[in-house]
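> Build me a model from this:
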Amino acid sequence: MTQLVQRTCPYLRLATDPTQSSSSPSAQQRCYASELPAIPNLMHQEICCLTPNFKLCPLYPLAEVAIERAPDVSTRPPKRRFFLWAPR
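Take a look at the predicted model:
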């Protein structure tokens with residue numbers, strides 16, 4: 001059986017609808033790989049999140065822990081958190 005290769009990070013989702021994502025960098029996307037949704041900058045999305053290299057992201061290994069503890073994000077607005085590499 002052939003396995004499909006994930007081409008984009010499964011934790012990059014829209015802030016307004018965490019069940020959806022955009023195929024291009026967007027300020028409306030959030031990273032749900034950690035306990036609090038974060039705002040990755042557009043360059044990080046372009047070179048990491050939206051490519052097969054997403055597993056190289058420093059937050060990706062935290063995703064399994066966050067998923068186990070995460071409340072249902074569809075019932076509350078996401079909190080904002082900035083990464084050091086996010087534009088201010």
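> mind listing what's buried in stretch 11-21?
Using 16 or more other Cβ atoms under 10 Å as the test for burial, stretch 11-21 gives Y11, L12, R13, A15, P18, S21. Glycine gets a C-beta too; all of them are placed from N, C-alpha and C.
> For the second one, what are phi and psi?
The one in question is L12. phi -90, psi 110 (degrees, to the nearest 10).
> Could you list which of the buried residues of stretch 11-21 belong to strands?
Of those, the ones assigned to strands by DSSP state E are L12, R13.
> I'd like the buried residues of stretch 11-21 laid out as CSV, including pLDDT and distance to A38.
Shown next, in CSV, are those (pLDDT from 0 to 100; distance: Cβ to Cβ, whole Å):
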residue, pLDDT, distance to A38
Y11, 92, 10
L12, 94, 10
R13, 94, 11
A15, 93, 11
P18, 90, 13
S21, 92, 14
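> For the buried residues of stretch 11-21, which two are the farthest from each other?
Across these, the longest distance by Cβ to Cβ is 13.0 Å; it joins Y11 and A15.
> which residues of the protein fall in strands?
Going by DSSP E, the chain shows strands at 12-14, 29-31.
> Outside of the last one itself, list whatever touches it.
Spelled out, that is strand 29-31. With contact meaning Cβ atoms under 8 Å, 6 or more residues apart in numbering, strand 29-31 is reached by 9, 11-15, 18, 21-22, 37-40, 45, 49, 59, 78.
> Relative to T16, how far out is the residue nearest to C31 when sequence neighbours are not counted?
Closest residue in space to C31, ignoring its immediate chain neighbours: A38 at 4.5 Å, by Cβ to Cβ, 6 or more residues apart in numbering. Using Cβ to Cβ, to the nearest Å, A38 is found at 16 Å from T16.
> And R7, by the same measure?
23 Å.
> L56 touches C48, doesn't it?
Yes - using Cβ atoms under 8 Å, L56 is in contact with C48, at 6.5 Å.
> more neighbours, those two?
Each of L56 and C48 has its neighbours counted (other Cβ atoms under 10 Å); C48 has more, 21 against 10.
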